[in-house]
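J.: got a predicted structure plus its sequence, pasted below:
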Amino acid sequence: MKTKSRKTSAAGDHIKATRTGKQRASRERIVNQDQDSLSLHTLDLSSQAFTRFDISQLLDSIHLFRGEIWSPWAILLVRFRDDTGPSPSLNKYRQLFTSQGSGTLNMVDFFYDMSHGKLDISGSQVFGWYTLAANRSDYVGNVYPQPAGKLNRNGLLDLAKSTAAANGVNLAAYAGVVVSGLGAVDLCGWIGGMAALCDENSLTPSLMGQEMGHGYGLDHARLQGSTDDYQDPYDVMSTAAFPGMQTPHREFDTAGPGLNSWNMRSRGWLDENRVWSSPSGAWNVTLQLRPLHRKDLPGILAAQIGPYLVEFRMPERWDAAFPNACVLVHRFDDNHSYLMPATSGSQHLQVGSQFRVGDPSISLIDYFAIDVTEIDTEQQTATIHVYQRRGEHPRVTEGIFAQVFGGIAVDGGGFIIVNGRIIPIPPRGPAYDLVEQVVRYLEVGTGTTGVDTSRTAKRQALAEVVRAAIQLHADAAAVSEQPPGYSKESQHG
């Protein structure tokens, strides 16, 4: 579930950091790299030698050197003024959100694995319980604008943060904020806002992986051919729609599934050094993939074929509820990943499955083919054969196309191909502008330009599409109107 995107005062710049993977109490471990070896030096923060020294600045410098992201969250436990139930122990929240539960598939483990070791939230801390200056009946949930005297989601987030700050919590020291209410309250995440709201009914890695994922900018996962959300059973950004794909967890109810490779890439979390990229032109090659989230294993973790990322997933850890090992294909557009079905219609690829895009008989368009030839669960590998042939696009100088093929008058215009038919485009005018802006809109790719930049470019292109369409509508209307001076009386039979 997502809520309106907004910036929170707690969402400061991400600070580069290194992951310790160990419990942090009153000690911090600093990792120094000496050529190929790593040595650990433990600093006692209670020592008076450091009372005049801001240890966080030293840690920031080391984290920056390591090229990893230090991203701790402040977990604020709140209750309404008229809540009468007892406040639960802080221990289960620490187990779920902080390094105290590292190694149990908690949130620290989740974001470490989903970022290929780049994202470290182990500095997250739990605060509370705090009593809010509001009654439970004051909360109205996902209602905008906020009614007078009531709290919507934004209002509850702001009140929780101000209450924590009044109790001495320095929210500026944290990259994000999770507000967790007593009993049943709500569940949502602010896309790109580094904030999430949960309650006692949603304290699971499955649900919090999605809501905190929203905070980092992730949106819901989709299925090719639809713009409906929650359509990818193999991705945590569709959690709750496919409960059978969530792994039972002894302490936290359910965990997983993990993120797909395109969602990881969209946040800069995919280890691009472990991604095989297709060369230009025509080629065919056989590749062996390793499980996407197993950075500890040598080999290729994902393969890029045109705009598609191919990954191998096994029923283990976050994906333990998967019915079998499989190969998945995704694309990414407008901040959503799209699961690409096999030619058979299956949402995942098994041995013998095929994935095809394009028509091998039409040389003007790209053609991609993927065949799964072997899956070896013991060796934890999937072997795929991939083929690519790039379309032989006409030479482009300016506008849409400068070259027109036989049967169409060469008038300086161009053409488009729709369902195999060549449609001529006039050399100028609103129709030409309309097609040109549609092409511009379709050419925008988030994979190379970034989500925010691509959205801006698409909005600009759509504005030009609307402008051209309005002109075409006006021209069409003019055709149906009577010419100036025309009347029935002036006609001669």
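T.: Looks like it came in fine. Numbers count the residues shown, from 1 in each chain.

J.: all helices of the chain, in order?
T.: Ranges of helices in the chain, per DSSP state H, are 55-66, 91-97, 107-114, 153-166, 205-215, 261-266, 430-443, 446-449, 451-480.

J.: could those helices be laid out in JSON lines, adding distance to L328, mean neighbour count and mean pLDDT?
T.: Just so you know, the C-beta spots here come from the backbone N, C-alpha and C atoms, and that holds for glycine as well. As requested, these are arranged in JSON lines below (distance: least, Cβ to Cβ, whole Å; neighbours: other Cβ atoms under 10 Å; pLDDT from 0 to 100):
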{"stretch": "helix 55-66", "distance to L328": "30", "mean neighbour count": "15", "mean pLDDT": "54"}
{"stretch": "helix 91-97", "distance to L328": "28", "mean neighbour count": "19", "mean pLDDT": "98"}
{"stretch": "helix 107-114", "distance to L328": "15", "mean neighbour count": "25", "mean pLDDT": "98"}
{"stretch": "helix 153-166", "distance to L328": "33", "mean neighbour count": "20", "mean pLDDT": "98"}
{"stretch": "helix 205-215", "distance to L328": "18", "mean neighbour count": "26", "mean pLDDT": "97"}
{"stretch": "helix 261-266", "distance to L328": "8", "mean neighbour count": "26", "mean pLDDT": "98"}
{"stretch": "helix 430-443", "distance to L328": "24", "mean neighbour count": "17", "mean pLDDT": "75"}
{"stretch": "helix 446-449", "distance to L328": "17", "mean neighbour count": "15", "mean pLDDT": "54"}
{"stretch": "helix 451-480", "distance to L328": "21", "mean neighbour count": "13", "mean pLDDT": "68"}
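
J.: export those helices to CSV and tack on distance to V143?
T.: CSV is the format used below for those (distance: least, Cβ to Cβ, whole Å):
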stretch, distance to V143
helix 55-66, 39
helix 91-97, 28
helix 107-114, 29
helix 153-166, 8
helix 205-215, 19
helix 261-266, 29
helix 430-443, 33
helix 446-449, 31
helix 451-480, 26
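
J.: E392 contacts I365, doesn't it?
T.: No - between E392 and I365 there is no contact under Cβ atoms under 8 Å: 9.1 Å.

J.: more crowded one of those two?
T.: Between E392 and I365, counted using other Cβ atoms under 10 Å, the more crowded position is I365 (16 against 10).

J.: give me the neighbour count for the closest residue in space to that one that isn't next to it in sequence.
T.: With Cβ to Cβ, 6 or more residues apart in numbering as the criterion, I365 has its nearest non-adjacent residue at 4.5 Å, and that residue is G391. Residue crowding around G391 was assessed by other Cβ under 10 Å; the count is 12.

J.: list the contacts for G391?
T.: Residues touching G391, when contacts are defined by Cβ atoms under 8 Å, 6 or more residues apart in numbering, comprise G358, I362, S363, L364, I365, D366, Y367.

J.: ok, 7 Å please
T.: Taking Cβ atoms under 7 Å, 6 or more residues apart in numbering as the criterion, G391 is in contact with S363, L364, I365, D366.

J.: phi, psi of it?
T.: Comment: the main-chain dihedrals of G391 come out as phi -70, psi 140, following degrees, to the nearest 10.

J.: going forward, count from 59.
T.: Let's use 59 as the start, then, which means that last one is G449.

J.: what's in contact with stretch 225-243?
T.: Counting contacts by Cβ under 7 Å, 6+ apart, the residues outside stretch 225-243 that touch it are 66-70, 72, 129-137, 141, 143, 145, 151, 155, 185, 188, 197, 214-215, 218-219, 222-223, 252-259, 270, 273.

J.: one more: stretch 138-155?
T.: Stretch 138-155 has contacts (Cβ under 7 Å, 6+ apart) with 131, 133, 135, 137, 158-159, 162, 164-165, 182, 184, 187, 189-194, 236, 238, 240-241, 258, 261, 309-310.

J.: got it, and stretch 346-354?
T.: Among residues not part of stretch 346-354, those counted as contacts by Cβ under 7 Å, 6+ apart are 171-172, 174-175, 316, 319, 329, 355, 357-361, 369-372, 375-376, 438-442.

J.: mind listing which of those are in strands?
T.: Of the contacts of stretch 346-354, the ones assigned to strands by DSSP state E are A360, A361, E369, F370, R371, T439, A440, T441, I442.

J.: verify the stated contact: G314 with T305.
T.: Yes - counting by Cβ atoms under 7 Å, G314 touches T305, with 4.7 Å between them.

J.: who's more crowded, these two?
T.: G314 (29 against 20).

J.: and the more buried one, what does it touch?
T.: With Cβ under 7 Å, 6+ apart as the criterion, the residues that contact G314 are S264, V294, Q304, T305, W376, D377, A378, A379.

J.: picking that back up, for PyMOL, what selects the buried ones among the ones in strands among the contacts of stretch 346-354?
T.: In PyMOL, selecting the buried portion of those, with burial taken from 16 or more other Cβ atoms under 10 Å, looks like this:
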select buried, resi 360+361+369+370+371+439+440+441+442
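
J.: pipe the ones in strands among the contacts of stretch 346-354 into JSON lines and attach pLDDT and distance to L350 per row.
T.: Putting the ones in strands among the contacts of stretch 346-354 into JSON lines (pLDDT from 0 to 100; distance: Cβ to Cβ, whole Å) gives the following:
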{"residue": "A360", "pLDDT": "98", "distance to L350": "6"}
{"residue": "A361", "pLDDT": "97", "distance to L350": "11"}
{"residue": "E369", "pLDDT": "98", "distance to L350": "4"}
{"residue": "F370", "pLDDT": "98", "distance to L350": "6"}
{"residue": "R371", "pLDDT": "98", "distance to L350": "6"}
{"residue": "T439", "pLDDT": "98", "distance to L350": "12"}
{"residue": "A440", "pLDDT": "98", "distance to L350": "10"}
{"residue": "T441", "pLDDT": "98", "distance to L350": "15"}
{"residue": "I442", "pLDDT": "98", "distance to L350": "13"}
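
J.: next, format the ones in strands among the contacts of stretch 346-354 as TSV and append distance to N393.
T.: Below are those laid out as TSV (distance: Cβ to Cβ, whole Å):
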residue	distance to N393
A360	19
A361	23
E369	19
F370	25
R371	22
T439	32
A440	28
T441	32
I442	27
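
J.: measure the nearest residue to S421 once chain neighbours are set aside to G161 for me?
T.: Nearest residue to S421 in three dimensions, chain neighbours excluded: E450, at 4.9 Å (Cβ to Cβ, 6+ apart). E450 is 54 Å from G161, where distance means Cβ to Cβ, to the nearest Å.

J.: same thing with L347?
T.: L347 sits 26 Å away from G161, going by Cβ to Cβ.

J.: the more surrounded of these two?
T.: Comparing L347 with G161 by other Cβ under 10 Å, the one with more neighbours is L347, at 23 against 11.

J.: ok, how many other residues are close to the closest residue to Y202 other than its chain neighbours?
T.: In space, Y202 comes closest to N210 once its chain neighbours are excluded; the distance is 6.1 Å by Cβ to Cβ, 6+ apart. As a burial measure, N210 scores 20 neighbours (other Cβ under 10 Å).

J.: shouldn't N210 be in contact with A192?
T.: No - assessed by Cβ under 7 Å, N210 is found out of contact with A192, at 11.7 Å.

J.: V385 contacts V409, correct?
T.: No - in this structure, V385 is not within contact of V409 by Cβ under 7 Å, at 9.2 Å.
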